[in-house]
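**Q** Structure for this input, please:
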Amino acid sequence: MAHHGRGPILLSRYLALAWFGLVVYGSLHPFIGWRDTGVSTIAFLDGGWPRYWTVFDLAANVAVYLPLGFFLTLALSSLPGRFTALILAVLLAGGVSFSLESVQTWLPSRVPSNLDLACNALGGLLGAALAKHLGPRVFARIAALQHRLIAPIPHAELGLTLLGLWLLVPLSPETLLFGAGDVRQIFGLTGAVPFAAESFVMIEASITAFNAVAVGLIVRMLCARLLFAYLIVPVFLLLCLVISTVAAAVLVSPADSLAWLTPGARLGLIVGSAILGVAVALPATPRHMITALALMAAAVLVNMAPPNPYSEAALATWRQGHFLNFNGLTRLVATLWPFLTLPFLLLATRRT
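**A** Numbering: from 1, shown residues only. As a prediction, the model looks like this:
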């Protein structure tokens, strides 16, 4: 991020792209059962008021598109014209919603709705208006923070976006703590190691430690100063644990809020923290090598791990709570995160 003046715009573009991907996935999940219903894809525009609706549904449809309108407006702010970015952002947000509602016609598990479209468009408009009002102040604050706190490395904005996405990983209480990179569900594979209590603890500890080290060192890579890194790295990891705790309490049950704190997870956090205490102070080249190796090792181990004994019980509770779409979204982010982060490491460490 050599040019801090363009940093806020680049960050906004990455965030807009990431949020767009999340919206598409959340709108079309689980991507199965596609069929031609014989109904026009725009027939929902003539539909009346939905028979079943709640205030929460309306508010959620507005809230989901508000960040999209906000990020798009900031991302397009370099275009000429006082209201060009706002108008384009509203049109793009509305176009995304219209396209997704139309595609839902082919999904039996989805019901396209003109009310959803209206709420989504309203969310995009509110987000765009908020960005128009706060944009200059947001840009000035981000630029100041980047100059003081963020290391001037290539594609630092992408790194910040990836760290933001990482915060979705602990929201899946049925996965192993920091268990990112599991592609077995996509390819219909099973664990290579049969379940045994002792081996499961060691595998879980290794996955937790490797990913804690990788994420911590990515945070360190983005920190402009070593002393700041020694503060922000543990704070970021602690935030991840808080998210895991709150997610388990809200999405499963309060009694399960600390279910993630298994013997394996506890051991992994201790080992990972000890390694980070030393690795954070290493020169850049060995730090980057350790980061890449830790990411790859964790991805290999998570795909070898036996089934999580807690997974089925947690998923059963999620089904009762109708959180399957949210679960699919968080699992997708957890699955893809290491494979999106490795290219970032290559780009960020490339010498120009």
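**Q** hang on, Pro50 packs against Ser113?
**A** Yes. Pro50 lies in contact with Ser113 (CB atoms under 8 Å); the separation is 5.5 Å. Any C-beta I mention is one placed from the backbone N, CA and C, and that applies to glycine too.
**Q** who's more crowded, the two?
**A** Using other CB atoms under 10 Å as the criterion, Pro50 and Ser113 rank with Ser113 on top: 20 against 13.
**Q** quick one: buried residues of stretch 265-279?
**A** Ala265, Arg266, Leu267, Gly268, Leu269, Val271, Gly272, Ser273, Ile275, Leu276, Ala279 (16 or more other CB atoms under 10 Å).
**Q** Let me know the helix or strand that the second one is in.
**A** Counting by DSSP states H and E, the element that carries Arg266 is helix 263-279.
**Q** what's the following helix or strand after that helix?
**A** Counting by DSSP H and E, what follows helix 263-279 is helix 284-304.
**Q** quick one, that following helix and helix 263-279 angle?
**A** Orientation check (axes from the mean of the first three to the mean of the last three CA atoms, to 10 degrees): helix 284-304 against helix 263-279 gives 170 degrees.
**Q** What mean pLDDT does helix 284-304 get?
**A** Helix 284-304 shows a mean pLDDT of 94.
**Q** list the buried ones in it?
**A** Under the neighbour-count criterion of 16+ other CB under 10 Å, helix 284-304 has 287-288, 290-292, 294-295, 297-299, 301-303 buried.
**Q** between the residues you listed, which is nearest Val39?
**A** Proximity of the buried residues of helix 284-304 to Val39 was ranked by CB to CB; the top entry is Asn303 with 40.8 Å.
**Q** And the closest one, how far from Thr291?
**A** Separation of Asn303 from Thr291 (CB to CB, to the nearest Å): 19 Å.
**Q** and the helix holding Arg266, what other elements does it pack with?
**A** For helix 263-279, the packing partners by 3 or more CB pairs under 8 Å, 6 or more residues apart in numbering; DSSP states H and E come out as helix 197-222, helix 226-251, helix 284-304.
**Q** can you redo the buried residues of helix 284-304 as a markdown table with distance to Thr330?
**A** Shown next, in a markdown table, are the buried residues of helix 284-304 (distance: CB to CB, whole Å):
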| residue | distance to Thr330 |
| --- | --- |
| Arg287 | 28 |
| His288 | 28 |
| Ile290 | 27 |
| Thr291 | 23 |
| Ala292 | 24 |
| Ala294 | 22 |
| Leu295 | 19 |
| Ala297 | 22 |
| Ala298 | 17 |
| Ala299 | 17 |
| Leu301 | 20 |
| Val302 | 15 |
| Asn303 | 18 |
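**Q** ok, now how distant is the nearest residue to Ala43 once chain neighbours are set aside from Ala93?
**A** Leaving aside its chain neighbours, Ala43 sits nearest to Thr105 (7.3 Å; criterion: CB to CB, 6 or more residues apart in numbering). The gap separating Thr105 from Ala93 is 20 Å, by CB to CB.
**Q** who's more crowded, the two?
**A** Taking other CB under 10 Å, Thr105 and Ala93 do not tie; Ala93 has more neighbours (30 against 20).
**Q** From Ile232, how far off is the nearest residue to that one once chain neighbours are set aside?
**A** Distances taken as CB to CB, 6+ apart put Gly124 closest to Ala93, at 2.7 Å, once the chain neighbours are dropped. Going from Gly124 to Ile232 by CB to CB gives 33 Å.
**Q** same question, Ile142
**A** 16 Å.
**Q** neighbour count winner among those two?
**A** Remark: of Ile142 and Ile232, Ile142 carries more neighbours, 20 against 17, as counted by other CB under 10 Å.
**Q** So what's the model's average confidence on the lengthiest helix in the chain?
**A** Looking across the chain with DSSP state H, the single longest helix is helix 114-149. Mean pLDDT, helix 114-149: 85.
**Q** angle of it against helix 226-251?
**A** Using the same axes, to 10 degrees: helix 114-149 against helix 226-251 is 160 degrees.
**Q** So the residue nearest to Ala43 belongs to a helix, correct?
**A** Yes. Per DSSP: H, G, I helix; E, B strand; the rest coil, Thr105 lies within a helix segment.
**Q** For it, list the residues it contacts.
**A** Contacts for Thr105 were tallied using CB atoms under 8 Å, 6 or more residues apart in numbering; they are Thr37, Val39, Ser40, Thr41, Ala43, Phe44, Pro112.
**Q** Make TSV from those residues and add distance to Leu238 and neighbour count to it.
**A** Shown next, in TSV, are the contacts of Thr105 (distance: CB to CB, whole Å; neighbours: other CB atoms under 10 Å):
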residue	distance to Leu238	neighbour count
Thr37	49	11
Val39	50	11
Ser40	52	11
Thr41	47	16
Ala43	50	13
Phe44	45	21
Pro112	42	22
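**Q** now for these, which pair is the farthest apart?
**A** Largest pairwise distance in these, by CB to CB, is 11.5 Å, between Thr37 and Phe44.
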